[in-house]
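S.K.: Sequence first, then the predicted structure, then my questions.
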2 protein chains.
Amino acid sequence: MARTTGSTSVETGQRLRRAAVSLFARHGYAAVSMRQIAAETGVQVGALYNHTTDKQSLLFDLLSDHMDDLMAALDQVVLPADPVLALEAFTRFHLRYHAERPDAVFIAYMELRNLTPENFMQVESQRRAYEARLEEILRRGKAGGVMHVADVKLACLAIIALLTGVTTWFRPAGRLSQAEVEDIYWDMTRRLVDA
Amino acid sequence: MARTTGSTSVETGQRLRRAAVSLFARHGYAAVSMRQIAAETGVQVGALYNHTTDKQSLLFDLLSDHMDDLMAALDQVVLPADPVLALEAFTRFHLRYHAERPDAVFIAYMELRNLTPENFMQVESQRRAYEARLEEILRRGKAGGVMHVADVKLACLAIIALLTGVTTWFRPAGRLSQAEVEDIYWDMTRRLVDA
DNA sequence: GTCTATATCCGGATAGAC
DNA sequence: GTCTATCCGGATATAGAC
């Protein structure tokens, strides 16, 4: 189906990526076929290969670009010098950014094992760079005596797990609004480090 | 390869399940073939079907039995009447139980989407029953004024996410021992509810 | 209960016309 | 850039001998 005239390479490429993100999130990378992706994109199978070299590259690009976007978005946030305020800013940013892209977030941590070892290492290092930002905040808070952090690395992992877990159940039409969830989670995060 | 004499149905069935858990955890349900499972089990493909009706049933049985075992193990734990002590007991139980079966835990929350809708509903209800135990503790702690819990449901989900996240990185040979991790996570959990 | 062999289908990826 | 047609390997599951 779907328009063969008027379509540019960029547009089809975008539709392909959106289709892949949606399908991978719902069924998992390994369970989704290139035929399904083609159908969702609105082209025939062969045409996909004008926009990606193979299925693995498609997954890698989605994950790697997601991490790039996440880092770039965090860089736009002005993190206050005060560690507690910085932690609040980080918490709210993380929740909001993830709430806006549930599918991309979901595959970013569910499909890591379907990357080739080289691709996995690359994405892992991007993820560590992101976590390092949080670790730095916790380290400053601990050094300044305004947070109780027994172990910076563990607190970092705990907070990330805590916050990212929201994406597994949050629905905009649910009992709580995004803003309410954000407030409650910031409250819990703050208490977790005793700030 | 593999003994055809001296093997009983039960033994092969156990080996099959162990092989499946290990492979599913490493590569994901959809990415693992029955051939691989057969090789790891030490039998030929056809023999697998004496012990499971199909691949989907195999996954379902693993997940459902895991949830049953988890509930049964929790039932063995004597939860103190005091909510804070009960939360500590729950936290330590959860960490220890999950640390002992990293593979089973991993697939129990990674492979939910590969269940058929009916099977998914069944396992989901088992999972909710487990979470209800934690919710009850938090509800009592809040009612008794010994915990600060803005929202019981969210605190429950947050704590589960926090604790279960440990399985994604914990290795016995790592920087911290199981006991150290347990203490630090109980400390963070306690602070999270301000107990 | 396990084996070998096979039916049947679906997967990723490519070739070549338009 | 997209289409149709196809190669080819590997998937689940079954049949029938031992």
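M.R.: Arrived safely, thanks for sending. The model shown is predicted, which means the values in this text are computed figures rather than measured ones. Numbering: from 1, shown residues only, chains lettered A, B, ... in the order given.
S.K.: So A:V105 is in contact with A:T167, correct?
M.R.: Yes: contact criterion Cβ atoms under 8 Å: A:V105 and A:T167 qualify, at 5.1 Å. (C-beta placed from N, C-alpha, C; glycine too.)
S.K.: shared neighbours of the two, which are they?
M.R.: A:H98 (Cβ atoms under 8 Å, 6 or more residues apart in numbering or on different chains).
S.K.: What's the mean pLDDT across stretch A:133-152?
M.R.: The average of the pLDDT scores along stretch A:133-152 is 98.
S.K.: let me redo that: stretch A:177-187
M.R.: 98.
S.K.: Sort out which residues of that stretch are buried, please.
M.R.: Applying a neighbour-count criterion of 16 or more other Cβ atoms under 10 Å in any protein chain shown, one finds A:V181, A:E182, A:D183, A:I184, A:Y185, A:W186, A:D187 buried in stretch A:177-187.
S.K.: returning to that earlier point: compare A:V105 and A:T167 (neighbour count), which wins?
M.R.: A:V105 (21 against 18; other Cβ atoms under 10 Å in any protein chain shown).
S.K.: Distance check, the more buried one against A:Q122.
M.R.: To A:Q122, A:V105 is 18 Å away according to Cβ to Cβ, to the nearest Å.
S.K.: A:F170 too?
M.R.: Applying Cβ to Cβ to A:F170 and A:Q122 gives a distance of 29 Å.
S.K.: again, but for A:C156
M.R.: 21 Å.
S.K.: Give me the more crowded residue out of the two.
M.R.: In terms of neighbours (other Cβ under 10 Å), A:C156 is the more surrounded of A:C156 and A:Q122; the figures are 20 against 16.
S.K.: these two touch, right, the more buried one and A:Y130?
M.R.: No: at 10.3 Å, A:C156 does not count as touching A:Y130 under the criterion of Cβ under 8 Å.
S.K.: tell me which parts of chain A are close to DNA strand C?
M.R.: A:V32, A:S33, A:M34, A:R35, A:Q36, A:V45, A:G46, A:Y49, A:T53, A:D54, A:K55, A:Q56 (Cβ under 7 Å from any atom of the strand).
S.K.: Find me the pLDDT at A:G6, would you?
M.R.: Value for A:G6, per-residue pLDDT: 49.
S.K.: is chain B contacted by the secondary structure element (helix or strand) that A:A20 belongs to?
M.R.: Following DSSP states H and E, one finds A:A20 within helix A:9-27. Yes: under the criterion of Cβ under 8 Å from any Cβ of the partner chain, helix A:9-27 makes contact with chain B via A:R26, A:H27.
S.K.: What is the burial count for A:L74?
M.R.: 18.
S.K.: hang on, I meant A:P172
M.R.: 9.
S.K.: Once you drop chain neighbours, what's closest to it?
M.R.: A:Q178 (6.8 Å; Cβ to Cβ, 6 or more residues apart in numbering or on different chains).
S.K.: does the one you found really touch A:H98, like I thought?
M.R.: No: counting by Cβ under 8 Å, A:Q178 does not reach A:H98; the two are 10.7 Å apart.
S.K.: Look up how far chain B lies from the residue nearest in space to the middle of chain A.
M.R.: Nearest residue to the geometric centre of chain A (Cα atoms, centre = their mean): A:V105, 3.3 Å. To chain B, A:V105 is 13 Å away according to Cβ to the nearest Cβ, to the nearest Å.
S.K.: And for A:V32?
M.R.: From A:V32 to chain B the distance is 9 Å (Cβ to the nearest Cβ).
S.K.: Kindly report the same for A:N50.
M.R.: 26 Å.
S.K.: now that residue, what's its secondary structure?
M.R.: coil (DSSP: H, G, I helix; E, B strand; the rest coil).
S.K.: In contact with it, which residues are there?
M.R.: Per Cβ under 8 Å, 6+ apart, neighbours of A:N50: A:S9, A:T12.
S.K.: Would you mind giving me the confidence score for it?
M.R.: A:N50 is given a pLDDT of 97.
S.K.: so which residue of chain A comes closest to DNA strand D?
M.R.: A:G46 (2.6 Å; Cβ to the nearest atom of the strand).
S.K.: so which strand or helix has that residue?
M.R.: Going by DSSP H and E, A:G46 is in helix A:45-48.
S.K.: which is the next helix or strand following that helix?
M.R.: helix A:55-76.
S.K.: list the contacts for the closest residue to A:V84 other than its chain neighbours?
M.R.: In this structure, A:V84 finds its nearest non-sequential neighbour in A:A195, 4.6 Å apart by Cβ to Cβ, 6+ apart. Counting by Cβ under 8 Å, 6+ apart, A:A195 makes contact with A:P83, A:V84, A:L87, A:G141, A:V146, A:M147.
S.K.: what's the neighbour count on the closest residue to the last one other than its chain neighbours?
M.R.: To tie it back to what came earlier, the one meant is A:M147. Leaving aside its sequence neighbours, A:M147 sits nearest to A:G141 (Cβ to Cβ, 6+ apart; 3.4 Å). Per other Cβ under 10 Å, the neighbour tally for A:G141 reads 23.
S.K.: What are the phi and psi values at A:G141?
M.R.: Backbone geometry at A:G141, expressed as degrees, to the nearest 10, gives phi -60, psi -40.
S.K.: what's near enough to touch it?
M.R.: By Cβ under 8 Å, 6+ apart, the neighbours of A:G141 are A:P83, A:V84, A:L87, A:M147, A:V149, A:V193, A:A195.
S.K.: In a markdown table, list those residues along with secondary structure and distance to DNA strand D.
M.R.: As requested, these are exported to a markdown table (DSSP: H, G, I helix; E, B strand; the rest coil; distance: Cβ to the nearest atom of the strand, whole Å):
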| residue | secondary structure | distance to DNA strand D |
| --- | --- | --- |
| A:P83 | helix | 49 |
| A:V84 | helix | 50 |
| A:L87 | helix | 45 |
| A:M147 | coil | 49 |
| A:V149 | coil | 45 |
| A:V193 | coil | 45 |
| A:A195 | coil | 49 |
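S.K.: Right, I'll leave it there.
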